[in-house]
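Q: Structure for this input, please:
(chains A and B)
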2 protein chains.
Amino acid sequence: MLDLQAVLDARDRVAETARHTPLDYTHTFSAMTGADVHLKLETFQRTGAFKIRGATNRIATLSDAEREAGVVTASAGNHAQGVALAADRIGVDALVVMPADAPLSKVEATRHYGAAVELHGEDYDAAAERAHEIEREQGRYYLHAFDDEMVMAGQGTIGLEILEDLPGVETVVVPIGGGGLIAGIATAIKGKSPETRVIGVQAEGAASAAASLAAGEIVERDAVDTIADGIATRRVGEQPFAVIRERVDEVVTVDDDAIAVALTRLLERNKTLVEGAGAVPLAALLEGEFAYADGETIVPVCSGGNVDMNMLTTIVVRGLAATGRYLRIRTILEDRPGTLEEFVRILADHRANIYAIQHDRTSRDVAMDDAEVELDIETRGPDHVERLIDALEAAGYPVEVLT
Amino acid sequence: MLDLQAVLDARDRVAETARHTPLDYTHTFSAMTGADVHLKLETFQRTGAFKIRGATNRIATLSDAEREAGVVTASAGNHAQGVALAADRIGVDALVVMPADAPLSKVEATRHYGAAVELHGEDYDAAAERAHEIEREQGRYYLHAFDDEMVMAGQGTIGLEILEDLPGVETVVVPIGGGGLIAGIATAIKGKSPETRVIGVQAEGAASAAASLAAGEIVERDAVDTIADGIATRRVGEQPFAVIRERVDEVVTVDDDAIAVALTRLLERNKTLVEGAGAVPLAALLEGEFAYADGETIVPVCSGGNVDMNMLTTIVVRGLAATGRYLRIRTILEDRPGTLEEFVRILADHRANIYAIQHDRTSRDVAMDDAEVELDIETRGPDHVERLIDALEAAGYPVEVLT
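A: Model prediction:
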C-alpha cells in the first residue's frame, strides 16, 4: 500500500512541473460556518488542476525503456492536460485518446501542452479501450489516472503543502472520483499528522466510494449523473479504495444543487473559478454534511478550475436559483388585453426584475382562450421568492416553479 | 496638483485596511500578445475592488471634527463598500445613499461592512443629490468617489506596489471612469519611474476622458452605455483630469465585445473573476489598442471583481459569441414534417451542439406555411461558424445571425 515515504519522494519531482499552490484564509466562509476555513487553491495549478502532480511523478519514475516507448492514456478532462504537460517537460512522448465529442477547449489545451491527441469513440470507456489497444500495439506505457501508486503519491504532495502552510490543520476535505487524490493526501496527512481528520466528498450521482465503503467492497455504478464531471466516475480505483478504507475518516455526499451553490459562492465572494468537482468539499462544509467544532481549522481542497464556459452559465443560474436569487415560473393568463400588464405590475411592485418572458397562445396545455407565460425573474432571496409567489397566487394566477 | 509625496504618505494608512494585492505573471496572455504580461489583481482586494484604498486615505486624514461628524457618500457600486469598510475600521460613522434599485448583493455587502444605507432615487444622480442634502442637514463630510486629492493619493498606492514588485515595468494600463484611479497611479509611477508609460482605457460608451483630452477641456456625456458599470460615468473629475493631462501618455477605448472577451478569457484561463471595468486594460492589450514592443513588460490593472452573477452569465455568453464559440441564429423552415430534422442533421454533421431551439409557427414575419426557428448553438471558433453557416445556406436555409 502507498506509504508516506513515496509521497515524500514525489515532492522534488513534482516541483519540477507543478506549483506549490496558495492556501488562502477565507473570511467569507469562516463567517458563514463558524469554522476557520482555508482554501487550498489547486485551481491555480498549472493546467488548471492537480492532475499534473500525479502524472509528473509517474513519468519521472518510469524506467529508461518505458520513457523511450512513450506513454498513452485516455481522458476527457484534466488528466489529459496533466499528462501532456508533464510528459512534455520531462521529454517523453505522449498520446492521449479523447472521446470524439470532447470539448474543443480541452482537446486544444492538450495539444497545446505538447501531446498528440487521437479522438475516438463516444465516451470515456471507448476511448480507454482504444488507448489500451495502442498500449499493446505500440508498446507505450499506459498511464492510469488514479489506480497507480506513483500517481497517488504525486497527488499526495498537496497534503504535504497543506501541512507545511498550516501545521495545526484539524480537518482536510477532499473530493473523491477515482480516489487517487484523496488516497495521496490521506497518506501524507495521516503519516505526518495522525490527529488531522481527512474527509472525502462525492457527488451524490457518482457516489461509488461511499457505497463501496458501506458494502466493504468496490461497488460499480451502472451510470453517473452529476454536474461535477471531474469526479463522474462509475467506480473508485482498487488501490485508492484500499487506502481510503485505512486512512479516510469519513466519506459524505452532496447533491448538484449544493455543488452549484458552492461554485457560485466561490466565484461571487472569492472571485475564484472552481470546477464542480473542486467545489464539492466546500459544498459539504456549507451543507453541514460532516460535524465540526466552532473555530475548527478546515481546509477544503479546491482541486481544479476547468469548467466549460457554457456549462458555467448553466451552473451559476442553478446556484442562484437554489439560493432564491433566480426564479423561473410558469403561469396562465386569460387571453384578453391587459392581463400581462397586470401580472407584470405585481412583479414590479415587489421589485422583482424580469430577465425573459415567453408568451405562448398556442400551447396545447391551456384552454383556447388562455395563454401560457414563462418568466425568468431576478429575486432577492428565499423570503422574497415566497412573498412574490404568495402575491401572484392571491391575485388569482396559478404559479408553477420551474427551477 | 496631486504629488508623489501624497501617495507615499498614503501608503501606511492604506495598509491598515487594504491588502497589498498580487502581481501575477500570466503565461496565457504573454503568449497571446508577445509581451511580458503581469496582472495586478486588485480583484482580490478587500471588498473586491480598489476603492477601499482611497476611502481609507480620505477618512484617515479627516480632522477630528470631521471624523466626529461622520461621512456620507453616494454610490451604486464598489465605492459604497470601500467607504463602509474603511469607515468601520477607522471608527467613523458612515452613511451611504444608494439608488433604490441597487443590486441587493451590493446593499447587503455595504451594510455588512458596517455602514448605514439609505435607498433613494432612480439613479446615481438622484442618490448623490440626496447625499448632498444629508451633508448639509447633518454636517457630515461628503466623501467623493474620485474628485478628491486624498482619494486619488490612496488609489495611487497601487502604483507603488507595482513598482515594488516589478521595478522594471515598462507600461501600466489602467481603467478610467471618474479618473481617480489613474490619477493616483500615474502620479506614483511618473514620480518614481518617469520612463514607465501609463496608458488609460475607457469603455467606448463612456469615453468622457478621451473626448475631454481631445477637446482640451472636460466634456460631459449625455448618457453612458457599457457593460463595464464600474466606469460608466458621464464625466471625468476636475482634479483627476488635470493629472491625466499631465501624466498619462495615452488614452484609448474598447467596445463592449472586447470587454466581454477579456472578462471571459480571464475567467477561463486564469480562473479569476474580474468585473467589466477591471477587464478593460486587458481588453485594450488583446485588441492592440496601443503599440508595444515584443517582450515589453506590461501590467494591466484588474481593478475589481464585483460582477452581478446574473450579469456575468450574459457577459460570458457575449464573450463566447464574440470569439465564435456561441452562435444564435434565426432561420425559416417550410412547415412540413421532417424539415426540422433535416436542418438539425446538418448541425450534427458539423458537430455543432444545440443548446436551445425555439420553433414558432405563428410568427407574423413568415409566410403562413413556414415556421421561424431560433437556435442557440455551441460552436468551435470563427472558422467553424463560417463553415456551418455556409452549409446551411447551401442547403437552402436563410440564416440570420442574432449574436
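Q: Determine the set of other helices and strands touching the helix or strand hosting A:Ala131.
A: Per DSSP states H and E: A:Ala131 is located in helix A:124-138. Helix A:124-138 sits against strand A:71-74, strand A:94-98, strand A:141-142, with contacts defined as 3 or more C-beta pairs under 8 Å, 6 or more residues apart in numbering or on different chains; DSSP states H and E. In this view, the C-beta of every residue, glycine as well, is placed from N, C-alpha and C.
Q: Point out the most buried one among those strands.
A: strand A:71-74 (a mean of 28; mean count of other C-beta atoms under 10 Å in any protein chain shown).
Q: Which residues of chain A lie near chain B?
A: Residues of chain A lying near chain B by C-beta under 8 Å from any C-beta of the partner chain: A:43-44, A:48, A:101, A:104-105, A:264, A:267-268, A:271-274, A:305, A:309-310, A:312-313, A:316-317, A:319-320, A:325-326, A:351, A:353, A:355, A:361-362, A:378, A:380-381.
Q: please redo it, this time with the cut-off set to 7 Å
A: A:43-44, A:48, A:104, A:264, A:267-268, A:271-273, A:305, A:309-310, A:312-313, A:316-317, A:320, A:326, A:351, A:355, A:362, A:378, A:380 (C-beta under 7 Å from any C-beta of the partner chain).
Q: Excluding chain neighbours, give the residue nearest to A:His120 in space.
A: Distance criterion C-beta to C-beta, 6 or more residues apart in numbering or on different chains; nearest residue to A:His120, sequence neighbours excluded, is A:Arg130 at 4.2 Å.
Q: Hmm, that neighbour is touching A:Asp123, no?
A: No - the criterion here is C-beta atoms under 7 Å, and A:Arg130 misses it with A:Asp123 at 11.3 Å.
Q: measure A:Ala277 to chain B for me?
A: Between A:Ala277 and chain B the distance is 14 Å, computed by C-beta to the nearest C-beta, to the nearest Å.
Q: A:Glu122 now?
A: Applying C-beta to the nearest C-beta, the value for A:Glu122 to chain B is 13 Å.
Q: Also A:Leu85?
A: Distance from A:Leu85 to chain B, by C-beta to the nearest C-beta: 11 Å.
Q: Please name the spatially closest residue to that residue (chain neighbours excluded).
A: Using C-beta to C-beta, 6+ apart, the nearest residue to A:Leu85 is A:Tyr113, at 4.1 Å.
Q: what angle separates the helix or strand harbouring A:Val316 from helix B:309-322?
A: Taking DSSP H and E as the criterion, A:Val316 maps to helix A:309-322. Here helix A:309-322 points in a direction 160 degrees away from that of helix B:309-322 (axes from the mean of the first three to the mean of the last three C-alpha atoms, to 10 degrees).
Q: Which strands or helices does helix A:309-322 pack on?
A: Packed against helix A:309-322 by the contact rule (3 or more C-beta pairs under 7 Å, 6 or more residues apart in numbering or on different chains; DSSP states H and E) you find helix A:256-270, strand A:326-334, helix B:309-322.
Q: Can you tell me what sits against the last one?
A: Taking C-beta atoms under 7 Å, 6 or more residues apart in numbering or on different chains as the criterion, the residues outside helix B:309-322 that touch it are A:264, A:268, A:309-310, A:312-313, A:316-317, A:320, A:326, A:355, A:378, B:227, B:257, B:260-261, B:263-264, B:276, B:326-327, B:403.
Q: Put the alpha carbons of it into PDB.
A: C-alpha atoms of helix B:309-322 as PDB (Å, rounded to 0.1, in the frame of the first residue of the first chain):
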ATOM      1  CA  MET B 309     -23.900  36.900 -11.100                       C
ATOM      2  CA  ASN B 310     -26.800  37.300 -13.400                       C
ATOM      3  CA  MET B 311     -25.000  39.900 -15.400                       C
ATOM      4  CA  LEU B 312     -22.000  37.600 -15.500                       C
ATOM      5  CA  THR B 313     -23.800  34.900 -17.400                       C
ATOM      6  CA  THR B 314     -24.900  37.400 -20.000                       C
ATOM      7  CA  ILE B 315     -21.300  38.800 -20.400                       C
ATOM      8  CA  VAL B 316     -19.800  35.300 -20.700                       C
ATOM      9  CA  VAL B 317     -22.300  34.300 -23.500                       C
ATOM     10  CA  ARG B 318     -21.400  37.600 -25.200                       C
ATOM     11  CA  GLY B 319     -17.700  36.800 -24.800                       C
ATOM     12  CA  LEU B 320     -18.200  33.300 -26.300                       C
ATOM     13  CA  ALA B 321     -20.200  34.700 -29.200                       C
ATOM     14  CA  ALA B 322     -17.500  37.300 -30.000                       C
END
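Q: Could you pull out the buried residues of it?
A: When burial is assessed from 16 or more other C-beta atoms under 10 Å in any protein chain shown, helix B:309-322 yields the following buried residues: B:Met309, B:Asn310, B:Leu312, B:Thr313, B:Ile315, B:Val316, B:Val317, B:Arg318, B:Gly319, B:Leu320, B:Ala321, B:Ala322.
Q: Would you quantify the distance from the fifth one to A:Ser105?
A: B:Ile315 sits at a distance of 18 Å from A:Ser105 (criterion: C-beta to C-beta, to the nearest Å).
Q: Same question for the third one.
A: B:Leu312 sits 19 Å away from A:Ser105 when distances are taken as C-beta to C-beta.
Q: do the same with the fourth one
A: When C-beta to C-beta is applied, the distance between B:Thr313 and A:Ser105 equals 18 Å.
Q: Could you do A:Lys190 as well?
A: Distance from A:Lys190 to A:Ser105, by C-beta to C-beta: 37 Å.
Q: Looking at these two, which is more packed in?
A: For A:Lys190 and A:Ser105, the more surrounded residue by other C-beta atoms under 10 Å in any protein chain shown is A:Lys190, and the numbers stand at 20 against 16.
Q: what about the more buried one, is that helix, strand or coil?
A: helix (DSSP: H, G, I helix; E, B strand; the rest coil).
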